[in-house]
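Asker: Would you be able to build a 3D model of this:
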Amino acid sequence: MFIATLIAEGLTSGQLEAAKDRLSAAGCAAGAWRWLDEGIAADLPFASQPDAARAALEGAIAGADVIVQADAHREKKLLVADMDSTMITVECIDELADYAGIKPQIAEVTERAMRGELDFAEALDARVALLKGLPESAIDQCLAERVRLMPGAQALVQTMRARGAHTILVSGGFTRFAEPVGTQIGFDRRIANVLEIDGGKLTGTVTKPIVDSSTKETTLLGAMAELGLAPEQTMAVGDGANDLAMIRKAGLGVAYHAKPIVAAAAGARIDHGDLTALLYAQGIARADWVTA
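Answerer: You can find the predicted model right below:
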């Protein structure tokens, strides 16, 4: 069996009946839908052809996110997540560059790298080099003034951990952001690049090897092996091209408000809602979320 989870504020029973009809017309043998949280999220079970189901439902309800997956192992035991523009609302290197007065030129390179138009490691080296001489104090200032958690980040991670999942934050950004952010959100582990500093100023370099796409994929696969998990028990979420490798290897690979190259390749997309959509995707209703 398969499950299509539909998530949207103001979701109606009429829309769900229409969605069921669309699945039936696509030959998916739809069953009876059921609310996860009335007016917000619902499950629609069906028997076959998940690709056809996804094609039939995506875009059918304005403002709705649709996640289609196998019913088995729906609740995940491993989460590997990107940080910038996924678990937080900004790209840290772009915001840090603002303190050096060069945000526009660095942000352009960041955007191109996230779209997959540039080699990630080369683009990171080039951007960090432009930050040479920036006072170390700008990092803490940026963290305090600019970095905000993505809505739903804490609920997602803390709820999954409370239910026995292992959670890893793996970022192509920097440990000086990932460590405090990951700790605040509640991740078990945090992996990121190390900005090199000398005499209280950035040297314009990062410690090698760089945390990149292959690191994210290796982290996912390594944790799966360590925990004895099958791929279908895992979830990976990110927004940029350097997240694609892990998204493709996870049982549920999620493109979160992502660049087009990622959205096109991921097995699931969240285009409208916040990160709590990934709790609904696991069949976890709001009453069972950890929101401390």
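
Asker: Domains in this protein, by residue range?
Answerer: 1-72, 75-90+149-199+206-292 (automatic domain parsing).

Asker: Tell me, what's the model's pLDDT at residue 292?
Answerer: The per-residue pLDDT reported for residue 292 equals 72.

Asker: how many neighbours does it have?
Answerer: Residues lying near residue 292 (other CB atoms under 10 Å) number 8. All C-beta spots, glycine's among them, are computed from the backbone N, C-alpha and C.

Asker: Now do the SS call for the closest residue to it other than its chain neighbours.
Answerer: Leaving aside its sequence neighbours, residue 292 sits nearest to residue 158 (CB to CB, 6 or more residues apart in numbering; 6.8 Å). Following DSSP: H, G, I helix; E, B strand; the rest coil, the label given to residue 158 is helix.

Asker: If you average the pLDDT over stretch 247-259, what comes out?
Answerer: 97.

Asker: Show me how far that stretch is from its chain's centre.
Answerer: Centroid separation for stretch 247-259 versus its chain: 7 Å, with CA atoms, centre = their mean, to the nearest Å.

Asker: okay, stretch 204-212 in CSV with CA atoms only?
Answerer: What follows is stretch 204-212, C-alpha atoms only, in CSV (Å, rounded to 0.1, in the frame of the first residue of the first chain):
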residue,chain,number,x,y,z
GLY,A,204,40.0,33.6,3.9
THR,A,205,40.3,29.8,4.0
VAL,A,206,38.5,26.8,5.3
THR,A,207,39.9,23.6,6.7
LYS,A,208,40.2,20.8,4.1
PRO,A,209,38.6,18.5,3.1
ILE,A,210,35.5,20.6,2.5
VAL,A,211,32.1,19.4,3.6
ASP,A,212,30.3,19.0,0.3
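
Asker: Against residue 271, how distant is the nearest residue to residue 25 once chain neighbours are set aside?
Answerer: What sits nearest to residue 25 in space, not counting adjacent residues and going by CB to CB, 6+ apart, is residue 56, at 7.3 Å. Using CB to CB, to the nearest Å, residue 56 is found at 17 Å from residue 271.

Asker: And residue 246, by the same measure?
Answerer: 20 Å.

Asker: Between those two, tell me which one has more neighbours.
Answerer: residue 246 (27 against 16).

Asker: contacting residues for the more buried one?
Answerer: For residue 246, the contacting residues are 80, 170, 213, 216, 217, 219, 220, 236, 238, 253, by CB atoms under 8 Å, 6 or more residues apart in numbering.

Asker: Compare these and tell me which is most surrounded.
Answerer: residue 238 (33 neighbours).

Asker: got the contact list for that residue?
Answerer: Counted by CB under 8 Å, 6+ apart, residue 238 has contacts 81, 82, 86, 216, 244, 246, 247, 254, 255, 256, 258, 262.

Asker: Strands - which of these land there?
Answerer: 81, 254, 255, 256 (DSSP state E).
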